[in-house]
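1. Return a 3D structure for these sequence lines:
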Amino acid sequence: MTIKPDRVVLIGVAGDSGCGKSTFLRRLADLFGEELMTVICLDDYHRLDRKQRKEAGVTALNPEANDFDLMYEQIKALKEGHPIDKPIYNHETGMIDPPERVNPNRIVVIEGLHPMYDERVRSLLDFSVYLDLDDEVKIAWKIQRDMAERGHRYEDILASINSRRPDFDAYIDPQKQYADVVIQILPTRLIKDDTERKVLRVRLIQKDDVEGMEPVYLFDEGSTIDWIPCGRKLTCSYPGIRMFYGPDEYYGNSVSVLEVDGQFDRLEEVIYLESHLSNTSTKFYGEMTELLLKHREYPGSTNGTGLFQVLVGLKMRATYERLISAAEAPLAAKVAAN
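-> Prediction:
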């Protein structure tokens with residue numbers, strides 16, 4: 001028998017393929033525990049299978065290839081505590097397989113290309129993040145991976161990226177304006193004419209007016225700060241590390257931006273950075289560093305990507321605990337009254 005949760009907390013994780021969604025979801029599982037979390041890949045709501053998309057001349061990024069009505073109905077049902085029979089998109093065959101029963105859980109994460117595309121689905125979200133990989137980094141990573149591991153030709157890789165670009169620009173990229181938090185992965189500014197894209201500049205863009213979320217800040221809230229933390233307390237090889245914090249505007253929204261450019265040599269020393277950050281939503285001193293150290297092998301662990309994925313996870317945990325506590329309060333009051 002499935003126990004219906006008092007409150008289902010719905011989280012949206014958006015971004016293009018290869019932007020780090022899988023790693024981020026593994027970090028969330030560390031925080032919440034896999035037993036409390038159900039992940040739904042929105043590829044399962046493809047309305048057209050691979051062959052049909054080819055015949056229609058559309059990519060999976062195009063809304064025409066996806067069933068947003070069914071997506072909304074089923075995500076709404078899960079949030080209301082009801083089980084659903086979710087379709088399955090088979091990535092190996094490119095076909096749509098028979099549906100599977102999915103029961104509601106304390107936390108439901110919807111991840112993929114379109115979590116914030118449909119206004120109805122967007123309105124159901126309790127917290128949302130967009131993983132924004134810069135074009136130059138995306139191309140460099142894809143070329144390194146596909147040429148080295150899969151034997152693809154450079155020209156074919158570029159053609160593949162360019163064929164998706166119009167739909168990405170039209171339907172995926174605009175969703176970042178709706179996210180509570182954006183993790184932006186950019187080329188470093190510390191190395192002139194860098195082409196390897198191994199050293200990265202990562203920005204955490206946090207909306208200022210999200211209910212219950214206090215943006216993380218460095219040193220002094222609301223100030224504009226450039227900081228080079230290298231020295232005796234933080235080992236930094238070339239090209240070093242530079243941090244930035246300050247207020248900004250993003251798609252017309254007031255935001256707080258935290259930035260790390262460069263990479264860490266010793267993850268243990270990240271506790272030095274943690275001691276200078278406030279509003280991290282940690283439960284004890286060093287928790288952020290501990291979570292980062294738990295999986296040194298995860299991609300992005302040695303730069304701002306891993307650091308900010310952990311910080312966003314901590315914000316999601318704080319949101320979850322606030323909403324669950326609010327849902328349980330009336331029940332506790334009723335029990336006390338009796």
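2. All the strands of the stretch 201-338 of the chain, residue numbers only.
-> In chain order, the stretch 201-338 of the chain shows strands spanning 217-218, 225-227, 242-250, 253-261, 277-278, with DSSP state E, counting those that start in this stretch as the criterion.
3. So which elements touch the second one?
-> The helices and strands touching strand 225-227, judged by 3 or more CB pairs under 8 Å, 6 or more residues apart in numbering; DSSP states H and E, are strand 242-250. (Glycine included, C-beta is placed from N, CA and C.)
4. Run the chain-centre distance for the strand it packs on.
-> On the basis of CA atoms, centre = their mean, to the nearest Å, strand 242-250 is displaced by 19 Å from the centre of the chain it belongs to.
5. That one: partners in the sheet, and parallel or antiparallel?
-> When sheet partners are counted by DSSP bridges, strand 242-250 sits next to strand 225-227 (antiparallel), strand 253-261 (antiparallel).
6. Show me what the mean pLDDT comes to for it.
-> What strand 242-250 shows for mean pLDDT is 94.
7. buried stuff in that strand?
-> Of the residues in strand 242-250, Arg242, Met243, Phe244, Tyr245, Gly246, Tyr250 count as buried by neighbour count, 16 or more other CB atoms under 10 Å.
8. same deal with stretch 165-182?
-> Along stretch 165-182, these residues count as buried under the neighbour rule (16+ other CB under 10 Å): Asp167, Phe168, Tyr171, Ile172, Asp173, Gln175, Lys176, Tyr178, Ala179, Asp180, Val181, Val182.
9. one step back: in the buried residues of strand 242-250, find the pair that's most separated.
-> Maximum pairwise distance in the buried residues of strand 242-250, criterion CB to CB, is 20.8 Å, between Arg242 and Tyr250.
10. Find the residue ranges of this structure scoring beneath the pLDDT cut-off.
-> Scanning the chain for pLDDT under 70 picks out the ranges 1-4, 145-151, 196, 230-233, 235-237, 329-338.
11. mind checking the longest helix of it?
-> Ranked by residue count under DSSP state H, the longest helix found in the chain is helix 304-337.
12. Show me what that helix is packed against.
-> For helix 304-337, the helices and strands in contact under the criterion 3+ CB pairs under 8 Å, 6+ apart are strand 9-14, helix 21-32, strand 127-133, strand 181-187, strand 200-207, strand 253-261, helix 287-294.
13. Tell me the one among the buried residues of stretch 165-182 nearest to Tyr320.
-> Distances from Tyr320 to the buried residues of stretch 165-182, taken as CB to CB, are shortest for Asp180 (13.3 Å).
14. roughly how far apart are that closest one and Arg101?
-> Here the distance between Asp180 and Arg101 works out to 30 Å (CB to CB, to the nearest Å).
15. what residues are up against the nearest residue to Ile191 once chain neighbours are set aside?
-> The spatially closest residue to Ile191, leaving aside those adjacent along the chain, is Pro239, at 5.2 Å (CB to CB, 6 or more residues apart in numbering). Applying CB atoms under 8 Å, 6 or more residues apart in numbering, one finds that Pro239 lies in contact with Thr188, Leu190, Ile191, Val199, Gly262.
16. And Gly222, by the same measure?
-> By CB under 8 Å, 6+ apart, the neighbours of Gly222 are Pro247.
17. isn't there a helix covering Asp69?
-> Yes - counting by DSSP: H, G, I helix; E, B strand; the rest coil, one finds Asp69 located in a helix.
18. ok so, going back, including distance to Glu287, could the strands of the stretch 201-338 of the chain go into CSV?
-> Shown next, in CSV, are those (distance: least, CB to CB, whole Å):
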stretch, distance to Glu287
strand 217-218, 17
strand 225-227, 22
strand 242-250, 20
strand 253-261, 17
strand 277-278, 12
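19. And the buried residues of strand 242-250, which is closest to Leu258?
-> Comparing these against Leu258 with CB to CB picks out Tyr245 as the nearest, at 5.2 Å.
20. With adjacent residues omitted, what lies nearest to that closest one?
-> Of all residues beyond its chain neighbours, the one nearest Tyr245 is Leu218 (3.7 Å), with distances taken as CB to CB, 6+ apart.
21. Quick check: beta-bridge partners of that neighbour?
-> The residues paired with Leu218 through beta bridges, assigned by DSSP bridges, are Leu277.
22. Correct me if wrong: it contacts Met243.
-> Yes - shown here, Leu218 and Met243 form a contact pair, counting by CB atoms under 8 Å, at 6.4 Å.
23. Now the common contact residues for the two.
-> Counting by CB under 8 Å, 6+ apart, the residues touching both Leu218 and Met243 are Ile225, Trp227, Leu258.
24. out of those, who has the most neighbours?
-> Of all the shared contacts of Leu218 and Met243, Leu258 has the most neighbours under the rule other CB atoms under 10 Å, reaching 23 neighbours.
25. could you list every residue that touches it?
-> For Leu258, the residues meeting the contact criterion (CB under 8 Å, 6+ apart) are Arg203, Leu204, Gln206, Val216, Tyr217, Leu218, Met243, Phe244, Tyr245, Leu277, Phe308.
26. Run through the residues that contact Met116.
-> Shown here is Met116, whose contacts under the criterion CB under 8 Å, 6+ apart are Gly12, Ala14, Arg122, Leu125, Ser128, Tyr130, Gln175, Tyr178, Ala179.
27. let me fix that: Asp208
-> Applying CB under 8 Å, 6+ apart, one finds that Asp208 lies in contact with Pro215, Pro247, Asn253, Ser254, Val255, Ser256.
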